[in-house]
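Visitor: the following block contains a protein sequence and its predicted model.
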Amino acid sequence: MSEDNHHMHADRTSRPPQYARTRIEAPIIIIGAGGSGSSVLSRMLDAHPEITMLGEMYFLVPKSWYAFYQADANTIFRDIGSQLHADPELETRITSSFAEHDNFLKFLTLEEQKRTAAVLRQTIDAWFCLDRIPKSFWGFKEIWNGGFERHDWQIYDHVFPEAQWVHIMRHPLNHLHSAARLSGQILSIGNAVELANRWLGAVAMSRQRASTGRYCEIKYESLVSSPRKALGKLFERMGGIDWHDNCALPLTRQWGARSERQHLPDQILDQLARLPGLIPAMTELGYEWQEMDSDPRGMKRHVPVPSLEAISHNRWRLPGPFVPEQGVCWDVDLPHSAIGRELGGIADDVDQQRRSPLRLFEDDKPLSPAHSLHCWIRELGEGRYSHWQNRLLFSTSDNTNPNTNGRVYSFDLKG
């Protein structure tokens, strides 16, 4: 049972509201090399009131496409009988002319591709419940195409003919630290060269999407220093949706473990400098041959996790800013302090779904109900909350923004 399906006996006071239909043909697809900032970009987009990001798809689309075509039951000739009945002269033309025969096969192939794309769209729509997404736009990540794996981007053109492609990239020497952490490696000469080669492959593969005319290239450094400007071109292509200040909130948080920031040893830099294509690619992208010590704002990118502030003997204030999760739900990663570690050990989880004694307050008013089903926090709000594993998902009493409504949110452990 997933966290979003826990507490099935929780309140069901009203039916979920109906939303405008999300256009499945036009997702936002984040591409690039893993460790380049795709997670923070996805969270920034997801924080926009009009966008829902589903996370990483792990190449579900091309893998499903390949599976369809590998099945014996799939054949472009299944409808040939109806074609022959509709056009009595067709058989004569395709048996007497190689060109006619070739054109007919191309026609059948194109029709089969259209049919497969429609089936796959319908499957994804049903599987991910896209008809219930409470926003106008949706999207997902497809990271490392051309790096770890290689899949044909044109398959996505069949399935998502109006997709917006967003290529997130990062200075390759800085990228090595995060890529090594994600793959559980210590940077040596061998794996540094391997990761740099994968970065090159992913960048080259991702830039092929420029031919669609629906492609934006965003540097991680620009996203951090000027998020509104960095996302402006994408929002313009999406019909001119407006910037929302919520999009900047994920930049105030550390997502995942921190990467080691020690400079690369000279012997690794010497090997990388000899890697074919790396320096020309960096020059073309405007990156200099040196690591960047900090982000363009002159401060370390990795923001320290805020501490829980004790406001009385047994009550703690939640640190903001709060990041929108979905609907009217707000997400708090509980800090790595002594009380924060204690909270993780007493939180609700799959095995103990009503364990947490955490009581949440808005100013001095208790919010409720606790242990709420996450979908009801998102859709109904009105003070519902859930202390789940290392997170607190909550809503305000009147579904206003806790960052701007002037109220203090705190908790104790007396529940």
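Guide: Now that the structure is in, tell me what you want to look at.
Visitor: and the residue nearest the centre of the chain, how far from R43?
Guide: Centroid check for the chain by C-alpha atoms, centre = their mean gives G55 as the closest residue, at 3.5 Å. Separation of G55 from R43 (C-beta to C-beta, to the nearest Å): 10 Å. Quick note: C-beta positions are derived from backbone N, CA and C, even for glycine.
Visitor: about what we covered before: which of the three states applies to the residue nearest to the centre of the chain?
Guide: Three-state call for G55 (DSSP: H, G, I helix; E, B strand; the rest coil): strand.
Visitor: that one contacts F140, correct?
Guide: Yes: contact status for G55 versus F140: in contact at 6.4 Å, counting by C-beta atoms under 8 Å.
Visitor: so which residues of the stretch 201-350 of the chain form strands?
Guide: 215-219, 309-310, 316-317, 323-326, 329-333 (DSSP state E, counting those that start in this stretch).
Visitor: parallel or antiparallel, list what pairs with the last one.
Guide: Each strand pairing with strand 329-333, determined using DSSP bridges, is listed with its direction: strand 323-326 (antiparallel), strand 391-394 (antiparallel).
Visitor: got those strands as TSV, with mean pLDDT columns?
Guide: Shown next, in TSV, are the strands paired with strand 329-333 (pLDDT from 0 to 100):
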stretch	mean pLDDT
strand 323-326	85
strand 391-394	92
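Visitor: per-residue confidence at M8, what does it come out as?
Guide: Listed pLDDT for M8 reads 36.
Visitor: right, and the helix or strand after the longest helix seen in the chain?
Guide: Longest helix in the chain, counting residues (DSSP state H): helix 98-127. Next along the chain after helix 98-127, taking DSSP states H and E as the criterion, comes strand 137-143.
Visitor: just list what the following helix or strand past that following strand packs against, helices and strands only.
Guide: Later in the chain than strand 137-143, the nearest helix or strand by DSSP H and E is helix 154-159. On a contact count with 3 or more C-beta pairs under 8 Å, 6 or more residues apart in numbering; DSSP states H and E, helix 154-159 meets helix 60-70, helix 98-127.
Visitor: hey, which of the ones you listed is tucked in deepest?
Guide: helix 60-70 (a mean of 16; mean count of other C-beta atoms under 10 Å).
Visitor: so how far is that helix off the chain centroid?
Guide: Distance of helix 60-70 from its chain centroid, counting by C-alpha atoms, centre = their mean, to the nearest Å, is 22 Å.
Visitor: what angle separates that helix from helix 98-127?
Guide: Helix 60-70 runs at 130 degrees relative to helix 98-127, counting by axes from the mean of the first three to the mean of the last three C-alpha atoms, to 10 degrees.
Visitor: what's the helix or strand just after helix 60-70 in contact with?
Guide: Once the chain leaves helix 60-70, the next helix or strand it forms, by DSSP H and E, is helix 80-86. Residues from elsewhere that reach helix 80-86 (C-beta atoms under 8 Å, 6 or more residues apart in numbering): 90-91, 108.
Visitor: give me the below-cutoff pLDDT ranges for the stretch 251-400 of the chain.
Guide: 253-262, 292-307, 335-341 (pLDDT under 70).
Visitor: okay, the helices and strands packed on helix 154-159 in JSON lines with distance to Y156 next?
Guide: As requested, the helices and strands packed on helix 154-159 are arranged in JSON lines below (distance: least, C-beta to C-beta, whole Å):
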{"stretch": "helix 60-70", "distance to Y156": "6"}
{"stretch": "helix 98-127", "distance to Y156": "10"}
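Visitor: pipe those helices into CSV and attach mean pLDDT and distance to L373 per row.
Guide: Formatted as CSV, the helices and strands packed on helix 154-159 follow (pLDDT from 0 to 100; distance: least, C-beta to C-beta, whole Å):
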stretch, mean pLDDT, distance to L373
helix 60-70, 92, 27
helix 98-127, 90, 21
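Visitor: any idea which of the ones you listed gets closest to A26?
Guide: Closest of the helices and strands packed on helix 154-159 to A26 is helix 98-127, at 11.2 Å (criterion: C-beta to C-beta).
Visitor: look up how far V350 lies from Q389.
Guide: Using C-beta to C-beta, we find Q389 at a distance of 9 Å from V350.
Visitor: which residues sit against stretch 128-137?
Guide: The contact list for stretch 128-137, computed with C-beta under 8 Å, 6+ apart, reads 16-17, 19-24, 26-28, 48-52, 54, 124-125, 138, 238, 241, 326-327, 378-379.
Visitor: swap the cut-off to 10 Å and go again
Guide: 16-24, 26-28, 45-46, 48-54, 57, 60, 121, 124-125, 138, 140, 164, 238-239, 241, 326-328, 375, 378-379 (C-beta atoms under 10 Å, 6 or more residues apart in numbering).
Visitor: now restrict those to buried residues only.
Guide: By neighbour count, with 16 or more other C-beta atoms under 10 Å, the contacts of stretch 128-137 hold 22, 24, 26-28, 45-46, 48, 51-54, 57, 60, 121, 124, 138, 140, 164, 238, 241, 326-328, 375, 378-379 as buried.
Visitor: wait, which of the strands of the stretch 201-350 of the chain is closest to D364?
Guide: So among these, strand 316-317 is nearest, using C-beta to C-beta, at 12.2 Å.
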